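Participant: could you work out the structure for the sequence below:
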Amino acid sequence: MRRRSSGSSEDGDHSPVEAPHVNSSSSPALKAPTAAEATTATAADSRSLSPNKLDRRRSTDQRHSSARSRRSANVNWKLSEPRDGIIEKLPSPSRPSSPTLLYLGPPANGHMKEMEKSLVGRRPPSRSPWAITILTLLASVVGLGFMVAVLNSSATRQLDPKGCRMSYMRPSYARLDEFDTEHTRFASKYSLYLYREQGVDHDTKVRGVPILFIPGNAGSYKQVRPIAAETANYFHETLQHDEAAIKAGARSLDFFTVDFNEDITAFHGQTLLDQAEYLNEAIRYILSLYLDPRVSDRDPDLPDPTSVIILGHSMGGIVARTMLIMPNYQSNSINTILTLSAPHARPPVSFDGQIVKIYQDINDYWRHAYSQQWANNNPLWHVTLVSIAGGGLDTVVPSDYASVESLVPDTHGFTVFTSTIPNVWTSMDHQAILWCDQFRKVVARAIYDVVDVTRATQTKPRAERMRVLKKWFLTGMETVAEKTAPLKEASTLLTLENNSNSIIAERERLVLRNLRANGSARAHLLPIPPAGSPDAKRFTLLTDLKLDNAGENGKLEVLLCSVFPQQLGQAGAGFASHVDLSGGSAESTRLACKNAVSDVVALPASSRTSLHPFVADEDREVLPFSYLQYDLDEISEHQFVAVVEKATTSTPGFVIAEFSDHSQSHRTRHISLRHLLGFGMRLRLPPLRPMVTEIKVPSMQSSLLAYNLEIGEQACGEKTELFTPLVRQYLTEPYESKYFVNARKVTVSLHGLAPYVPPPLTRRSTEDGLSFQFWTDPTCDSSIHVSLTIDILGSLGKLYMRYRTVFAAFPLLIVALVLRKQFRIYDATGIFISFAESLDLSIRQSIPLMLASLTLLSLSVGGSGQSENASFWHWKNSTSSVVDFRQNDLLIGTQDPFFWFLIPMIGIVCIGVCTVLNYMTLALTHILSIALGLLSFRPGWVRNDDRRRTSSSTFLSSSPRRRMITTAVLLFLVSTFIPYQFAYLVACLVQLTTTVRAQRIASELRSGANSNFYNYVHSILVLMLWILPINLPTLVVWIHNLAVQWLTPFSSHHNVLSIMPFIVLVETLTTGKMIPRVSGRFRHFTSVLFFGISIYAVVYGVSYAYMLHYLVNLVAAWLAVVHLTSDSWSMSAIIHLYEGNVDDRKRGKEP
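Facilitator: Next up is the predicted model:
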């Protein structure tokens, strides 16, 4: 076999297998042998070979390769002998054989060589790639043990109960075919529908308020049906008969929905932009329908709509926000956006560079808009954004990503969890948030409360919209919740007898265990302390009865009263309701009162039989508790709080009302996480305590920790217990509350400070943290002991949702360091050790040093002074000079030094994962190698030499001309039609084939060179497999487009430079050519490349994972260049690719 390589000799054409090279893995010595040793070895080997099989043309020149070079340049790009990983050459008897070096500079440092040789010197002869050391096995088992513990904890511990009730509907959809290619270029791919509820809507004419539903990633347009059906039924059964609501502007909702053919938007930025462009045109078309008398049945006295309400699920919420920055956006056509489980804060995965860029552009635009001082300069001033998250049950998108606190101020939007919403009180998974019955009822009523058909915008003004949305979605106990009752006009005149003993003494508590009928109503007055009291006070009232509206004939009414002066001619005119409890007495007192029912907070009922705060399908309906809470300054203009019993029959139930001091009802425990971890927190609620006690722990802010809360027994002795302890845990940013009824042992988890989530627009106070509210029966004169501890095993499960994407980046730290070690040893000794052996050597030094350095780095950027580090470690932030919204993009996504252990922990897990992938790859290649051997089976009478010749021919590749044509065609398709991710998948398959062939030959023809080549191609395959998950999502999007017959070429991912190095390298490896060794200063270039990849994978890999493909692509380019240096770069060599001898091609000539 001839080889036209400058400075190389021709191989013998008769023998498919030649004597092993001196650098074979079976050689006990790793250093170059002396001339005598080489001669002796050669003489011994030559006795088993015929003389004509020796390479008689090998040069006997003993000079250095640079001296023998014909070039005058200092850098010698010519090999001293050809590199072939499959066919080895017999060393010349006239001189010793030395490892082939690609000399690119001065000789390498001798000490470095000795170090590498000593490391490999411990390697036994012919070490199997399956071999594993005790250290590697131990590290892998520990890492896999951590991973199993995390997965087990995520599946079995700290789980939120499921409480959604099933919803039912009768859907129908009318496709709007007139919205065609004249309106949008995507009409052939996407479709627009109008929802109609059967039995309620009898035609397809538009007559109400337009609202557009946007499905999420791979979502269906039919997902609109639960909420749309509820809005149709609610209007049909209730609102259309409510004259006050109709007068306030309530009308039916015209629900439009979009069929995106289940497009995958989470993985592809261009698809997201395409949908946003289509939807802007769809809104333009929807608004035009109301101007067309053929399809509109709208009251002509009403203004034409100019905006559409948006309801977006998952990535549909991101598409909604993207619409406002698109060039075809119609100004002011969107002013209300309601999103469900939408990842606003950051993309779910960062595999596509374009979607990362789109997220940055969208978020920067929104932040910049709301940073304007004047409303005229803010294009989003009229827009309200409410993000609703499902909580812990959502395992598709981390609910932490639903936060909009880093995007909009609280005057224009907020984030709330479904467990917070009154009468919902349950977490929901990613799909249940669309069909959960109790939740869709709240959404429908909230939407109807914000619409106003009498305005062109079809909605109330922004400030009023925010009040309505907070009323429906927040508990009412937040500091931003507005109390409306004290601001109303008095509507009830309460008349009492002067000598009545119904006034409760100061500092006493009103307790009613039953409502007893006395033939007439009875009032209990609690005097309101004067303003300026030495200690801040708060009024609280709790009852298990429903409070009445003004004038309602119910059982219980609560009023805020002021003395009404007796004036002539004003015997009670102007009051809608009169309550006379004077008994006809001449001496009476009149009070002008306001009904407090509008400020009632619904709380889940808590009794001995209570299991969950929600009412599931199989549960009996239970009336929630009614709770009132007023700070003193909110009711200081009144003199009394009146509790009026109106029951006509004896009614079971309780009422507790009191004024409590802030110092007794509020506690703040400044305790560190380290103290919590080591000792926990314990406190005692004294016997003489308020009904409501609030405890705040500022250090409890992280989403990565879970806790166990235990509440002691509430002993009431002989008294009847009014209710069992009720606990509420809550955060203020975002608004997340969870309720625990009949609380004894409570599992506490939260969505506070989360990894990789940007900080809020306004800096958090150091006093912010998790708070607990305890409602306990104050009539039980016994203390209650409360203990709080960190649930370590439960906390492991919180790592799954927050850090599952690290496996797209962190394992490359291990793989890159392993390959770096392999190349360093190969360049120094000529032996390319196996992946497992290199992993063992890396675990002994480089990996621990790297993990320790990265841990110190995470500690250095943590703490309180990150502003100085931001400019150095983070990419430029163009939106704000005050808050660095990308400060959590680094490393593990948190700057809390408490979590320093996460980097080494994730590193150990990655060692285990890399070990598993390595052996899975080995198993796959061995299985395919056996299958290949079976397919190429030869009868037993075939001569052994012929069989071995056949075995060696399994590595004969196609002609160079065919490979170049194939490469050119593939690159042409990448530049025009297919994405480069498809070509990358092809490259991985080709590399797998090369590895299988190399494994078979290395097992049949055992030699050092064959082992080197097999270890080399196997390691390259492992590296490519770790990059494959980054490329697969985009490939899935492309295949999906083909499936829906959308044949328009991808408008992105056609950069041939992103794939050409991979193709060139893989095609080069198909020839069986081993990479030349590199010495001199350029030998460090390979190490620097792999070291850079390892650093980037950990520091920025999670936030910018798409860059890892480009970095590994750079490595592939360098390796391809090193490969190409083994041949002359002369024009004659290139021409030879097309003018090879026919006989040479038949024999499988190597290029």
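Participant: any stretches of the stretch 601-750 of the chain with poor pLDDT?
Facilitator: Scanning the stretch 601-750 of the chain for pLDDT under 70 picks out no residues.
Participant: and the helices in it?
Facilitator: Shown for the stretch 601-750 of the chain, the helices assigned by DSSP state H, counting those that start in this stretch span residues 662-665, 673-679.
Participant: between those, which one is nearest to L799?
Facilitator: Comparing the helices of the stretch 601-750 of the chain against L799 with Cβ to Cβ, the closest turns out to be helix 673-679 (15.8 Å). Every residue, glycine included, has its C-beta placed from N, CA and C.
Participant: what's that closest one in contact with?
Facilitator: Outside helix 673-679, the residues within contact range by Cβ atoms under 8 Å, 6 or more residues apart in numbering are 681, 699-700, 702, 705, 707, 788-790, 792, 898.
Participant: how about the CA coordinates for it, as CSV?
Facilitator: Extracted C-alpha coordinates of helix 673-679, given in CSV (Å, rounded to 0.1, in the frame of the first residue of the first chain):
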residue,chain,number,x,y,z
LEU,A,673,-29.2,28.8,58.0
ARG,A,674,-26.2,27.2,59.6
HIS,A,675,-27.9,27.4,63.0
LEU,A,676,-31.1,26.0,61.6
LEU,A,677,-29.2,23.2,60.0
GLY,A,678,-27.4,22.3,63.2
PHE,A,679,-29.9,23.0,65.9
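Participant: what's the distance between that helix and the middle of its chain?
Facilitator: Taking Cα atoms, centre = their mean, to the nearest Å, one finds helix 673-679 lying 29 Å from the centre of the chain it belongs to.
Participant: go on, stretch 981-992?
Facilitator: On Cα atoms, centre = their mean, the centre of stretch 981-992 falls 28 Å from that of its chain.
Participant: still on that earlier bit, kindly reformat the helices of the stretch 601-750 of the chain as TSV containing distance to P305 and mean neighbour count.
Facilitator: What follows is these, written out as TSV (distance: least, Cβ to Cβ, whole Å; neighbours: other Cβ atoms under 10 Å):
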stretch	distance to P305	mean neighbour count
helix 662-665	49	15
helix 673-679	52	13
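Participant: can you redo these as a markdown table with distance to R844?
Facilitator: As requested, those are arranged in a markdown table below (distance: least, Cβ to Cβ, whole Å):
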| stretch | distance to R844 |
| --- | --- |
| helix 662-665 | 59 |
| helix 673-679 | 32 |
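Participant: ok, L560 - contacts?
Facilitator: Counted by Cβ under 8 Å, 6+ apart, L560 has contacts 485-486, 593-594, 596, 635, 638, 640-642.
Participant: could you do T231 as well?
Facilitator: T231 sits next to 252-253, 255, 444, 447-448 when contact means Cβ under 8 Å, 6+ apart.
Participant: just the pLDDT for the spatially closest residue to A375 that is not a sequence neighbour.
Facilitator: The spatial neighbour of A375 that comes closest, neighbours along the chain excluded (Cβ to Cβ, 6 or more residues apart in numbering), is W381 at 4.4 Å. pLDDT, W381: 94.
Participant: isn't W381 up against P461?
Facilitator: No. With contact defined as Cβ atoms under 8 Å, W381 does not count as touching P461 (11.2 Å).
Participant: which ones among the contacts of T231 lie within strands?
Facilitator: 253, 255 (DSSP state E).
Participant: tell me the one of the contacts of T231 nearest V741?
Facilitator: For the contacts of T231, the nearest to V741 is A444 (26.4 Å; Cβ to Cβ).
Participant: ok, how many other residues are close to that closest one?
Facilitator: Neighbourhood size, A444 [other Cβ atoms under 10 Å]: 22.
Participant: got a list of what it touches?
Facilitator: Counted by Cβ under 8 Å, 6+ apart, A444 has contacts 227, 230-231, 234.
Participant: quick one, strands of the stretch 701-850 of the chain?
Facilitator: Under the criterion DSSP state E, counting those that start in this stretch, the stretch 701-850 of the chain contains strands at 707-711, 726-731, 736-740, 745-748, 770-775, 784-790.
Participant: of the ones you listed, which approaches Q270 most closely?
Facilitator: Smallest distance to Q270 across those (Cβ to Cβ): 34.3 Å, for strand 736-740.
Participant: buried stuff in that closest one?
Facilitator: 736-740 (16 or more other Cβ atoms under 10 Å).
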